[in-house]
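Trainee: Test case, fold it:
(chains A and B)
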Amino acid sequence: QKEVEQDPGPLSVPEGAIVSLNCTYSNSAFQYFMWYRQYSRKGPELLMYTYSSGNKEDGRFTAQVDKSSKYISLFIRDSQPSDSATYLCAMSAQNTDKLIFGTGTRLQVFP
Amino acid sequence: DGGITQSPKYLFRKEGQNVTLSCEQNLNHDAMYWYRQDPGQGLRLIYYSQIVNDFQKGDIAEGYSVSREKKESFPLTVTSAQKNPTAFYLCASSYRGSSQPQHFGDGTRLSIL
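Mentor: Below you'll find the predicted structure:
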């Protein structure tokens, strides 16, 4: 079993839809959670960063962490064609320099 | 503008040849990382360095080598011992510490001739 599981998609939605992207994990020591957005032939770009459980909102993006269920989510409101990309979750535990990545979910937003 | 620069963007390797991928950062980050990205497999850690003149193997270090002579630079050599080098290579950097997010360059795509 992988430490971090992420549905690869592709997820195809119409413009304006609410998108929900999710990751599950098995290591209860993970405390720091990140979402990256990666456009084709580009490097991942940090989108959201949260510590421990709770919600964080930034514009159209909301990140949620549920440590009791070992489940994190990224919600995108009013999705746009420019949101079409691969979204990677990543997480790390205390006292380690390594990030563990999910395999990424490919999102397509059509006009 | 601060950032991470990877070069070249595309690279071709002949059989039996070593090739070196460049990674430079001007973010004043202490830690630097090399990942390999293959379709459907996510990012796999090759090597990382937390400080100048020191580096550690990641999960898939075989067939690769690195050096860290300067804080700003962390070149990766793909040696002829790496039998399946075709992939997208990503360099990242961060401040030291488990709470620090990593920031990425735009990658180098390596292919076999």
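
Trainee: From now on I want contacts and neighbour counts done on CA atoms only, so please keep to that.
Mentor: OK.

Trainee: what's around residue B:2, how many residues?
Mentor: When neighbours are counted by other C-alpha atoms under 10 Å in any protein chain shown, residue B:2 registers 8.

Trainee: Let me know the secondary structure of it.
Mentor: Taking DSSP: H, G, I helix; E, B strand; the rest coil as the rule, one finds residue B:2 in the coil state.

Trainee: Am I right that it is in contact with residue B:72?
Mentor: No. Proximity of residue B:2 to residue B:72 does not meet the contact threshold set by C-alpha atoms under 8 Å, at 11.6 Å.

Trainee: what sits in contact with each of those two?
Mentor: The contact sets of residue B:2 and residue B:72 overlap at B:25-26 (C-alpha atoms under 8 Å, 6 or more residues apart in numbering or on different chains).

Trainee: Quick one: name the residues of chain B near chain A.
Mentor: Contact residues (C-alpha under 8 Å from any C-alpha of the partner chain) of chain B with chain A: B:40-43, B:90, B:96-99, B:101-107.

Trainee: can you give me phi and psi for residue 110?
Mentor: All of this is about chain A. The phi/psi pair for residue A:110 (degrees, to the nearest 10) reads phi -100, psi 150.

Trainee: so residue 89 bridges to which residues?
Mentor: Picked chain A for this. residue A:35 (DSSP bridges).

Trainee: try chain B instead
Mentor: Beta-bridge partners recorded for residue B:89 (DSSP bridges): residue B:36, residue B:108.

Trainee: just checking, it touches residue B:105?
Mentor: No. With contacts counted by C-alpha under 8 Å, residue B:89 stays clear of residue B:105, the gap being 9.5 Å.

Trainee: Neighbour count for those two, which is higher?
Mentor: Between residue B:89 and residue B:105, residue B:89 has the larger neighbour count (other C-alpha under 10 Å), namely 25 against 22.

Trainee: pLDDT on stretch A:70-77, on average?
Mentor: Mean pLDDT, stretch A:70-77: 97.

Trainee: Could you list the low-pLDDT ranges of chain B?
Mentor: Residues of chain B meeting the criterion pLDDT under 70: B:1.

Trainee: for it, what spans make up the strands?
Mentor: If you assign secondary structure with DSSP state E, the strands in chain B sit at B:4-7, B:10-13, B:19-25, B:31-38, B:42-51, B:54-57, B:64-66, B:76-78, B:87-94, B:103-104, B:108-112.

Trainee: related to what we said a few turns ago, just among the residues of chain B next to chain A, which is most surrounded?
Mentor: Among the residues of chain B next to chain A, the one with the most neighbours (other C-alpha under 10 Å) is residue B:107, at 29 neighbours.

Trainee: ok so, going back, sort out which one of the residues of chain B next to chain A lies nearest residue B:50 for me.
Mentor: Nearest to residue B:50 among the residues of chain B next to chain A is residue B:96, at 6.7 Å by C-alpha to C-alpha.

Trainee: didn't that closest one look like it was pressed against residue B:31?
Mentor: Yes. Counting by C-alpha under 8 Å, residue B:96 touches residue B:31, with 5.7 Å between them.

Trainee: Find residues that contact each of these two.
Mentor: Contact criterion C-alpha under 8 Å, 6+ apart; residues shared by residue B:96 and residue B:31: residue B:50.
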